[in-house]
Structures are given as structure tokens and as C-alpha cells.
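Novice: fold the following.
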Amino acid sequence: MPASAAPGMYIDGLNIMSLIKETGLGLAAILLVTIFHGFFSKHILLQGERSIHGHASSRKINVIAIKFYLSILALVLVHVGEILLWAFSLELFDLTDNLLNALLVAGSTYTTVGFEADSLKPGWKFYPVFIAVSGLFNFAWSTSTMMTLLTQAREALKAKAKA
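Specialist: Numbers count the residues shown, from 1 in each chain. Predicted structure coming up:
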């Protein structure tokens, strides 16, 4: 153990107590971000479904397309909100030098690009893993929401064309 290292149990240079703390905070933040994503995704999906079925009966294909694109934009804004939540968690735990750096770390890690993940303060190198896992799952969830809306729009228009 290096002389400047924090006290605790070490295995191969890894501070176990620090890892447990990072894991607990990371899981708590994932839960918060997932609840945020679920809340807004549900509303976007329900609104999109209502819009599709409401306009399919009148064959307003362009209106359905515009509503679909607006749903995609809304999902993008949800992801921006999640990046902000992660940035605020970095600031709350004082892991970055300033809010701009927190936004860059959160955004690059959430999108799994990761160009800023190494700028966190020492002892917090595992926390970006939680940000990346959150981004992976939430992007997949958004893709599922978009595909559901797209499938429903196609089916509604097909049904109307047959009638």
C-alpha cells in the first residue's frame, strides 16, 4: 500500500472499502436515472400511441410522421436530462473540478465514448462504469420505444388502408 493511499483493506492495489462506496453510490444513481427514464419514456410512448391511433383513422400520414419525429426528439431530451443528472451526481460527490468538466465526463461516459472518464479525482475510477451501463440500457430502452411507435404507426396505417 502506498504511503499516500487511504487506509483500508487493499487487494492488488485496490481499496475494497472505496470500491464498495463507489458501487453503492453508483447503483443508487443508476436507480434514480432509470426511474427518470422510465417515467418520461412511458409518457412519450403513451402520447405517441394516442397520436398514432387518433390520426390513423383520418389517414394523416404526415401528421403521424411529425409526431413520431417529435417523440424521438423528446427521447433525446430525456437522455440529455439523464446526462445532467449524472453530472450533478459528479458535482455532489465533488469528483470533478467544475460543472463543465462534470458535464463532459457524464456525457462522454453515458454515450460510452469515454474521452473524459480519466479526469475524475483519484479513488473514483469505477464510478464511470455505472454511468456507461446506465447509458447502454437507457439507449436500448429508447430504441425499443421508437420501434414500438414505428410498428404501431405502420399497423394503424395498414389497417386504415384495408378499410
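
Novice: could you give the number of residues near residue 150?
Specialist: Here the count is done by other C-beta atoms under 10 Å, and residue 150 has 15 residues near it. No exception for glycine: its C-beta is placed from N, CA and C like everyone else's.

Novice: how about it, phi and psi?
Specialist: Main-chain dihedrals, residue 150, degrees, to the nearest 10: phi -60, psi -40.

Novice: show me what contacts it?
Specialist: Contacts for residue 150 (C-beta atoms under 8 Å, 6 or more residues apart in numbering) come out as residue 68.

Novice: ok, now residue 88?
Specialist: Counting by C-beta under 8 Å, 6+ apart, residue 88 touches residue 102.

Novice: can you tell me how far it is from residue 33?
Specialist: Counting by C-beta to C-beta, to the nearest Å, the gap from residue 88 to residue 33 is 11 Å.

Novice: next one: residue 127
Specialist: In this structure, residue 127 and residue 33 are separated by 13 Å, where distance is defined by C-beta to C-beta.

Novice: same thing with residue 94?
Specialist: From residue 94 across to residue 33, the span is 19 Å (C-beta to C-beta).

Novice: the more surrounded of the two?
Specialist: Neighbours per residue, other C-beta under 10 Å: of residue 94 and residue 33, the larger number sits with residue 33, 23 against 10.

Novice: who are the packing partners of the helix or strand containing that one?
Specialist: Element membership of residue 33 [criterion: DSSP states H and E] is helix 16-56. With contacts taken as 3 or more C-beta pairs under 8 Å, 6 or more residues apart in numbering; DSSP states H and E, helix 16-56 sits against helix 61-92, helix 127-162.

Novice: and that helix, average pLDDT?
Specialist: Model confidence over helix 16-56 averages 92 on the pLDDT scale.
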